[in-house]
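A.B. asks: this one's sequence-less:
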């Protein structure tokens, strides 16, 4: 991957030139106050610090929303967009294949999500210790956040490949996609909703199965199947957009 010019460009723009540091600053600047308020505000009556049983849940849900939101924006190249070369430069002028460009973009998305979770790990682990959350649940939460970051983030890549020259369209699309999916999933079948699923998992609550074709489908199976299909559709659109750009 180090020989891939598209990957190297992303690394240079985000970390060498420092245009990506604001993303990670926003993550910590939002998560830390939420964690502080979640721990301190319920303790005001007693005027003392006390661990809230819901502290880890609040922090995990906040981080879920932040990771998904910024993954979509990073994949959509909304930060320092003027520093990224257009797709036609790599696909037509430089003659690189759509597969090479797609691999680099997907790899950088994965690196961004992993780095985001790594930076926030001390806060989340500390919240788990305060609220006495078992370590296996803390670890499973990190895996879920990584999963959601990639599944939703790939739609940012799809938007970039399909509407590279229409910045406003891309920005509106990725925001409406996530908000709309969260609302619709909560209305039609709550276990599909990532926030509801994570809350149920941390609270050890049983989710109602999906009654379909006369069968009761287990909620976790439906949740992960839906998200895998959803992410696969985004990845397919991303690859299709790159191939179309290469043929123009």
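C.D. replies: Yes, it's here. It should be emphasised that the depicted structure is a prediction, and the values quoted were computed from it without experimental measurement.
A.B. asks: when you work out contacts or count neighbours from here on, use the C-alpha atoms and nothing else.
C.D. replies: Noted.
A.B. asks: just the helices in this structure please.
C.D. replies: 5-11, 21-40, 55-75, 87-88, 98-130, 135-162, 167-188, 194-202, 219-247 (DSSP state H).
A.B. asks: and residue 208, which of the ones you listed is closest to it?
C.D. replies: Within the helices of the chain, the stretch nearest residue 208 is helix 219-247; the backing value is 6.2 Å (C-alpha to C-alpha).
A.B. asks: buried sites along the closest one?
C.D. replies: Residues of helix 219-247 classed as buried: 219-220, 222-223, 227, 231, 234-235, 237-243, 245-246 (neighbour count, 16 or more other C-alpha atoms under 10 Å).
A.B. asks: a markdown table for the helices of the chain, including distance to residue 209 and mean pLDDT?
C.D. replies: Below are these laid out as a markdown table (distance: least, C-alpha to C-alpha, whole Å; pLDDT from 0 to 100):
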| stretch | distance to residue 209 | mean pLDDT |
| --- | --- | --- |
| helix 5-11 | 42 | 91 |
| helix 21-40 | 32 | 89 |
| helix 55-75 | 23 | 93 |
| helix 87-88 | 44 | 85 |
| helix 98-130 | 29 | 93 |
| helix 135-162 | 20 | 94 |
| helix 167-188 | 13 | 83 |
| helix 194-202 | 12 | 91 |
| helix 219-247 | 5 | 91 |
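A.B. asks: tell me which of those lies nearest to residue 212.
C.D. replies: The minimum distance between residue 212 and these falls on helix 219-247, with 10.8 Å, by C-alpha to C-alpha.
A.B. asks: check which helices and strands the closest one sits against.
C.D. replies: Contacts defined by 3 or more C-alpha pairs under 8 Å, 6 or more residues apart in numbering; DSSP states H and E place helix 219-247 against helix 87-88, helix 98-130, helix 135-162.
A.B. asks: among the ones you listed, which is the most enclosed?
C.D. replies: helix 135-162 (a mean of 21; mean count of other C-alpha atoms under 10 Å).
A.B. asks: which helices and strands does it pack with?
C.D. replies: The contact analysis (3+ C-alpha pairs under 8 Å, 6+ apart) places helix 135-162 against helix 55-75, helix 98-130, helix 167-188, helix 194-202, helix 219-247.
A.B. asks: what's the angle from it to helix 167-188?
C.D. replies: Angle of helix 135-162 versus helix 167-188, following axes from the mean of the first three to the mean of the last three C-alpha atoms, to 10 degrees, is 140 degrees.
A.B. asks: between helix 55-75 and helix 135-162, find me the angle.
C.D. replies: In terms of direction (the same axes, to 10 degrees), helix 135-162 departs from helix 55-75 by 20 degrees.
A.B. asks: tell me the angle helix 135-162 makes with helix 194-202.
C.D. replies: Using the same axes, to 10 degrees: helix 135-162 against helix 194-202 is 170 degrees.
A.B. asks: check the offset of helix 135-162 from the chain's centre.
C.D. replies: 4 Å (C-alpha atoms, centre = their mean, to the nearest Å).
A.B. asks: same check, this time on stretch 11-24
C.D. replies: With C-alpha atoms, centre = their mean, you get 18 Å for stretch 11-24.
A.B. asks: neighbouring contacts of it?
C.D. replies: In this structure, residues lying in contact with stretch 11-24 by C-alpha atoms under 8 Å, 6 or more residues apart in numbering are 70, 79, 80, 83, 84, 116, 119.
A.B. asks: and these, which of them are buried?
C.D. replies: 70, 79, 116.
A.B. asks: and the second one, what are its phi and psi?
C.D. replies: This means residue 79. phi -100, psi 120 (degrees, to the nearest 10).
A.B. asks: how about the contacts made by residue 200?
C.D. replies: Counting by C-alpha under 8 Å, 6+ apart, residue 200 touches 206, 207.
A.B. asks: roughly how far apart are it and residue 95?
C.D. replies: 49 Å (C-alpha to C-alpha, to the nearest Å).
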